[in-house]
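Peer 1: Below are the sequence and a predicted model; questions follow.
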Amino acid sequence: MNSAKTKIIQVQLNEMPNQHRNNERSAAVHHGGVCTPQHQKSIKRYKKTKMVLTTCIICAILVSLRDEYGKNPKLPAIVSVSHIIGGADMLTKDNKSFCYECLEDVEFNTNREEQQASIKGEKYLYMAMVARCKHCNEELDVYNDENLKLAYDVYRESHGLISQEKIREIPEMYNIGKRPLSLLLEWGELTYTRYYDGYIPSKEYADKLERIYNEPAYYLSILENKKDLIKPAAYKKSWTAAQKLLSDMVSGDSKLYNVVQYILSECNDITNLALQKSLYYVQGFMKAFNDVFIFEEDCEAWVHGPVYKEIYQRFSNFGYGAINEDNEIKFDSSCFSTEEKLVIDRVIRHLACYSGKVLELFTHLEEPWIKARGNLPRNINSNRIIEKDLIADYFKAVCKKFNMLSPADIKSYSVEMFSRI
């Protein structure tokens, strides 16, 4: 009865304690209430042949028979109980699997068949991988693990839950271990490991993981706020990885990234706060004078004014101090058209010359930020988008009010705004 790779232990059902006879219940309890058709059919076969196979955590009885029957000479002692089913663990070296009808290792054919799985009380159809004995066409226990994952994938998709593949990518993306990531998220130490191994997270946890996967800036904010929960070395490594992801997102052909680099190369002591407002004014006056937005990205109406989140997070480590990356800045402004450069230069000269706090006060008097915030109190955090239409309408109205004929006239607007704060 022993295959080349899997020990199969036989136990007569009538010799077992009552609490160990209910295979279906044992299977469900030990795998989150899930039992695929293959497992259920296997259980029926086991009962039909009056045997129990202790080779997997789903279909087996999951008890230590060594402790219970170790002294019984009719029963061999169990060396180990496999924690993983399917695949190579159920195959012999010559790629055969045990057939419970033929009672020997057999060759098999593999096909895709629609089957039904019950997951957390709900039934789902999925395309299972099915191995059938070439001699009797009996279904074999070869792809149990793979099919369980396929059924889980259907469940995740139907409930809008993050995939296991994405969950496994997150630690690699942010260069952080599963345990410190769990601590960072204020979960139990092993919670992330469980999700990594295939357990299905709740909707709340799944949504949080999906956002972390899609938004490095969001992850970085968590990392900054909860860094005391993990070791300094883990924080530093993960911070570096998150910063690189942010840089990659806004680099290359991104006009936003190019304008950032140009402003930093021209302003030696600009803060992150002032940089955010300068980008906002570049966007607004570019639309007013050239009738195009230079950035595809949207800014958000934060407490301290308009913010391009990815850029803010990119330089968040500088806090309220000046952004000092002189050694990294090698910028060629030839990527801008003459019209673009003229607007950017005038914003730098007439607006970026003010401190971040002064520019913040400017934006608090302007309609785009005010309308985007709506009825929110000024001290309440928000990630509401400042719609581009609001920006376009406001800055076109500014140009008309101040009779601006060229970007050089931005000076008159900055002087007026300064007089109002």
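Peer 2: Structure received.
Peer 1: Mean pLDDT per element in the protein, and the minimum belongs to which helix or strand?
Peer 2: helix 23-29 (a mean of 35; mean pLDDT, DSSP states H and E).
Peer 1: residues near Ala288, how many?
Peer 2: Taking other C-beta atoms under 10 Å as the criterion, the count of residues near Ala288 is 22. C-beta here means a position set from N, CA and C on the backbone, and glycine is covered the same way.
Peer 1: what helix or strand does it sit in?
Peer 2: Assessed by DSSP states H and E, Ala288 sits inside helix 272-290.
Peer 1: Which elements pack onto that helix?
Peer 2: Secondary-structure packing of helix 272-290 (3 or more C-beta pairs under 8 Å, 6 or more residues apart in numbering; DSSP states H and E): helix 255-266, strand 299-302, strand 305-307, helix 309-314, helix 338-350, helix 356-364, helix 388-401.
Peer 1: TSV please, covering these and showing mean pLDDT.
Peer 2: Shown next, in TSV, are the helices and strands packed on helix 272-290 (pLDDT from 0 to 100):
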stretch	mean pLDDT
helix 255-266	91
strand 299-302	96
strand 305-307	96
helix 309-314	86
helix 338-350	96
helix 356-364	96
helix 388-401	96
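Peer 1: So what are the structural domains in the protein, by residue number?
Peer 2: Split into domains by automatic domain parsing, the chain comes to 13-159, 164-248, 251-420.
Peer 1: in the chain, what spans have low per-residue confidence?
Peer 2: 1-94, 249-253, 325-330 (pLDDT under 70).
Peer 1: now the helix holding Ala288, how far from the chain's geometric center?
Peer 2: Helix 272-290 has its C-alpha centroid displaced from the chain centroid by 31 Å (C-alpha atoms, centre = their mean, to the nearest Å).
Peer 1: That one versus helix 356-364: what angle between them?
Peer 2: Angle, helix 272-290 to helix 356-364, by axes from the mean of the first three to the mean of the last three C-alpha atoms, to 10 degrees: 40 degrees.
Peer 1: And the strands in this protein?
Peer 2: In the chain, the strands defined using DSSP state E lie at 97-99, 104-106, 108-119, 122-133, 139-140, 299-302, 305-307, 385-386.
Peer 1: Number of residues surrounding Asp228?
Peer 2: Neighbour count of Asp228, defined by other C-beta under 10 Å: 7.
Peer 1: From Leu183, how far off is it?
Peer 2: In this view, Asp228 and Leu183 are 10 Å apart by C-beta to C-beta, to the nearest Å.
Peer 1: Equivalent analysis for Ile386, please.
Peer 2: In this view, Ile386 and Leu183 are 35 Å apart by C-beta to C-beta.
Peer 1: what about those two, which has more around it?
Peer 2: Per other C-beta under 10 Å, whichever of Ile386 and Leu183 has more neighbours is Ile386, with 28 against 20.
Peer 1: Would you check that the more buried one makes contact with Cys299?
Peer 2: Yes: contact status for Ile386 versus Cys299: in contact at 5.2 Å, counting by C-beta atoms under 8 Å.
Peer 1: Mind listing the shared neighbours of those two?
Peer 2: Taking C-beta atoms under 8 Å, 6 or more residues apart in numbering as the contact rule, Ile386 and Cys299 both touch Pro306.
Peer 1: for the helices and strands packed on helix 272-290, which one sits closest to Gln243?
Peer 2: Nearest to Gln243, of all the helices and strands packed on helix 272-290, is helix 309-314, at 6.6 Å by C-beta to C-beta.
Peer 1: For the residue lying closest to Asn379 once chain neighbours are set aside, give me its contacts.
Peer 2: Excluding the flanking residues, the one nearest Asn379 by C-beta to C-beta, 6 or more residues apart in numbering is Val303, at 6.2 Å. When contacts are counted by C-beta under 8 Å, 6+ apart, Val303 touches 378-382.
Peer 1: mind redoing it with 10 Å?
Peer 2: 360, 364, 373, 376-382 (C-beta atoms under 10 Å, 6 or more residues apart in numbering).
Peer 1: do you know how far the nearest residue to Gly319 once chain neighbours are set aside is from Tyr308?
Peer 2: Once flanking residues are discounted, Gly319 sits nearest to Asn272: 7.7 Å by C-beta to C-beta, 6+ apart. With the distance defined as C-beta to C-beta, Asn272 ends up 10 Å from Tyr308.
Peer 1: Mutual contacts of these two, please.
Peer 2: Arg314.
Peer 1: Quick check: the closest residue to Phe318 other than its chain neighbours vs Tyr280, distance?
Peer 2: Once flanking residues are discounted, Phe318 sits nearest to Asn272: 5.8 Å by C-beta to C-beta, 6+ apart. Asn272 is 13 Å from Tyr280, where distance means C-beta to C-beta.
Peer 1: Between the two, point out the one with more neighbours.
Peer 2: The neighbour comparison of Asn272 against Tyr280 (other C-beta under 10 Å) goes to Tyr280, with 27 against 21.
Peer 1: so what's the closest residue to that one other than its chain neighbours bridging to?
Peer 2: Once flanking residues are discounted, Tyr280 sits nearest to Pro306: 4.0 Å by C-beta to C-beta, 6+ apart. Pro306 has these beta-bridge partners by DSSP bridges: Ala301.
Peer 1: Cross-check the contact I'm expecting between Pro306 and Tyr394.
Peer 2: No: using C-beta atoms under 10 Å, Pro306 makes no contact with Tyr394, being 11.4 Å away.
Peer 1: Common neighbours of those two, please.
Peer 2: With C-beta under 10 Å, 6+ apart as the test, Pro306 and Tyr394 both reach 284, 366, 368-369, 386.
Peer 1: Now tabulate these in TSV and tack on distance to Ser316.
Peer 2: Formatted as TSV, those follow (distance: C-beta to C-beta, whole Å):
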residue	distance to Ser316
Gly284	24
Glu366	24
Pro368	23
Trp369	20
Ile386	20
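Peer 1: Now for the residue nearest to the spatial centre of the chain: which residues touch it?
Peer 2: The structure's the chain has its C-alpha centroid closest to Tyr213; by C-alpha atoms, centre = their mean the separation is 2.3 Å. Each residue near Tyr213 by C-beta under 10 Å, 6+ apart is listed here: 162-163, 166-167, 169-170, 173-174, 219.
Peer 1: This completes my enquiry, with thanks.
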